[in-house]
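A.B. asks: Coordinates for the following, if possible.
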Amino acid sequence: MSDATVIPNEQAHHYDLTLDGRVIGHINYRDDGDRRVIIHTKVDEDQTGQGYGTKLIVAALDDIRAQGKRAVTLCPMATAYVTKHDDYRDIVDPPHVLDS
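C.D. replies: Residues are numbered from 1 along each chain as shown. Below you'll find the model as predicted:
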């Protein structure tokens, strides 16, 4: 994987993934109190299969943890990741918490 970097973009409610100065993907989120809701993960079609989606998800979850927030994953890709990786279980809430 090249020097891909994840940059929080608070104004757009994104985590942007850049490669060689160009945005090649992002995670959309919304905040719900102390929870950050991951809505969608997108990587440019010509960049798929290189682990960039995982890099985005991990960076977002690490940032959420660093901010002392909780995460809710509505994005199927992010949900699959946290289901397989217990190291984020301490900060991830199930989607039904948004109904309360």
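A.B. asks: Quick check: longest strand in the chain by residues?
C.D. replies: strand 22-32 (DSSP state E).
A.B. asks: Restrict that strand to CA atoms and write it as CSV.
C.D. replies: Taking C-alpha atoms only, strand 22-32 is exported to CSV below (Å, rounded to 0.1, in the frame of the first residue of the first chain):
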residue,chain,number,x,y,z
ARG,A,22,-5.7,13.1,-4.2
VAL,A,23,-8.8,12.0,-2.4
ILE,A,24,-9.5,8.4,-3.3
GLY,A,25,-12.1,7.5,-0.7
HIS,A,26,-14.0,8.6,2.4
ILE,A,27,-16.2,7.5,5.2
ASN,A,28,-19.4,9.5,5.8
TYR,A,29,-20.5,9.8,9.4
ARG,A,30,-22.9,11.8,11.5
ASP,A,31,-22.7,12.5,15.2
ASP,A,32,-25.4,11.5,17.6
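A.B. asks: That strand pairs with which strands, and in what direction?
C.D. replies: strand 14-19 (antiparallel), strand 35-43 (antiparallel) (DSSP bridges).
A.B. asks: Relative to residue 65, tell me which of the ones you listed wins on proximity.
C.D. replies: Between residue 65 and these, the tightest spacing by C-beta to C-beta is seen for strand 35-43, at 10.1 Å. The way it works is simple: take the backbone N, C-alpha and C, and place the C-beta from them, glycine included.
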